[in-house]
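J.: The following block contains a protein sequence and its predicted model.
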Amino acid sequence: MLDSLHADPSAAPLLSLPAVQTLELVWSQQFSRKTGEVQWKPGTAVPPSAQRPESPYDTEARFSTKRGRGWVGYKVHLTEACEPDLPEVITHAHISSSCTQDIQVMPSVHHALAAKEMLPRQHLVDSGYVSGSVLADSLEQHGVEVIGPTRPGANWQLRDPEAFKIDDFSIHWESQHATCPQGQRSTSWLLGQSPEGIPLVFVSFPRKVCQSCEVRARCTKSTSDGRCLTLLRQPAFEALQMMRKQQETPEWKAMYNRRSGIEGTVSVAVRAHGARTARYRGEAKLRLQGMATAAGINLGRVYAWWQGRPRAATRTACFARLPATV
């Protein structure tokens, strides 16, 4: 059918139909033609999930996995107030693609909260929303202090208690060099970015000096090069290092405990309101579902607050809530 449409000049209007465009997109991503024979494309030739529609009925839905669980659809991100003397209402519901990383939605969430004049002074978040760029940009652009546990790095030095970590190096931002624990100065300072577009600084130490160092085994496993450091830009780097130090203190842990309420909110949204089932197609309509779900939860909480009923630590069954009668 697609071949016939492309071969007939008078069929050009049909090629612009959304259904035909979806068919052509799915066909080109899943199949190939060799010597006139149609074949499935191998897995290595199929586009990644973020670029591949999973359903012709909802071309924005994507496949993703988290903690071993896969699904086709979207993600919902809930922001909740946690003032001790006020009801804990949901202030924003954000819908994103299932393939979008959590740290990527933070700017959109803060812009939306700013538009509603509901920006918090402190925003307690899960570790998936924490990065050096998020910490620095949120404070600079919106005056919001993002608070959350940082993710452990993937370097082997972080798993070895005897190894030299980034904290053991002195970073001199103005003169653009670093000094290792043995007092050696770096010889290369290059600006670049990660594949995701995050600005980075690449610092290298001289190969000959590192090869003759007595504590080389504590610094690098490379047999040919010297130690290399990959750093975030200064504001993001310093914000991330400060958060890593703060999160080890009892005061920080006591403050972060206030975030535990959002887990209950997510549970209520999922179990009582079916938040994991998309009732509509497309991200725009799913945003409507998220707002309706949040509004329903808020109405119940505000009414309970007016009635003076405190939030229970665990759910109480409807029958158990009935007053005792004789």
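T.: Great, that's in hand. Numbers count the residues shown, from 1 in each chain.
J.: Walk me through the domains of the protein.
T.: 2-46, 63-150+249-306, 156-234 (automatic domain parsing).
J.: Please identify the most buried of those domains.
T.: domain 63-150+249-306 (a mean of 16; mean count of other CB atoms under 10 Å). Where C-beta positions appear, they are placed from N, C-alpha and C, glycine not excepted.
J.: What's the end-to-end length of that one?
T.: Using CA to CA, to the nearest Å, the end-to-end distance of domain 63-150+249-306 comes to 42 Å.
J.: That one: how far from the chain's middle?
T.: 11 Å (CA atoms, centre = their mean, to the nearest Å).
J.: any idea of the mean pLDDT in it?
T.: On average, the pLDDT along domain 63-150+249-306 is 92.
J.: Check the gap between A163 and Q184 for me.
T.: 16 Å (CB to CB, to the nearest Å).
J.: Kindly report the same for E214.
T.: 12 Å.
J.: residue ranges of the strands in the stretch 101-250 of the chain, please?
T.: Taking DSSP state E, counting those that start in this stretch as the criterion, the stretch 101-250 of the chain contains strands spanning 122-124, 145-147, 170-172, 177-179, 188-193, 199-204, 228-232.
J.: Between those strands, which one is closest to P48.
T.: strand 188-193 (19.8 Å; CB to CB).
J.: Tell me the helices and strands packed up against that closest one.
T.: strand 199-204 (3 or more CB pairs under 8 Å, 6 or more residues apart in numbering; DSSP states H and E).
J.: still on that earlier bit, ok, which of the domains of the chain comes nearest L240?
T.: Closest among these, using CB to CB: domain 63-150+249-306, at 3.6 Å.
J.: is H94 in a bridge, and if so with what?
T.: Beta-bridge pairing of H94 under DSSP bridges involves H77.
J.: Please report the distance of it from R244.
T.: Applying CB to CB, the value for H94 to R244 is 27 Å.
J.: next one: R207
T.: Noted for R207: a distance of 30 Å to R244, by CB to CB.
J.: cool, and G282?
T.: For G282 relative to R244 (CB to CB), the value is 40 Å.
J.: Show me where the stretch 201-326 of the chain has its helices.
T.: Residue ranges of the helices in the stretch 201-326 of the chain, as given by DSSP state H, counting those that start in this stretch, are 207-211, 234-246, 250-256, 261-271, 283-306, 318-321.
J.: Which one, of those, ends up nearest to L158?
T.: Short answer: helix 234-246, nearest of the helices of the stretch 201-326 of the chain by CB to CB, at 10.7 Å.
J.: can you give me the mean pLDDT across that closest one?
T.: Mean predicted lDDT for helix 234-246 stands at 93.
J.: likewise stretch 21-31?
T.: On average, stretch 21-31 scores 88.
J.: check contacts around A217.
T.: Neighbouring residues of A217 by CB atoms under 8 Å, 6 or more residues apart in numbering: there are none.
J.: now it: how far from R258?
T.: A217 is 44 Å from R258, by CB to CB.
J.: What segments of the stretch 1-150 of the chain are helices?
T.: Under DSSP H, counting those that start in this stretch, the stretch 1-150 of the chain gives helices at 2-7, 12-15, 18-30, 102-115, 132-142.
J.: gap between the residue most central in space within the chain and H92?
T.: Centrality entry for the chain: nearest residue to the mean C-alpha point is D102, 1.4 Å, by CA atoms, centre = their mean. Going from D102 to H92 by CB to CB gives 15 Å.
J.: One more: E60?
T.: Taking CB to CB, one finds E60 at 20 Å from H92.
J.: Spit out the contact partners of W173.
T.: Contacts of W173 (CB under 8 Å, 6+ apart): Q234.
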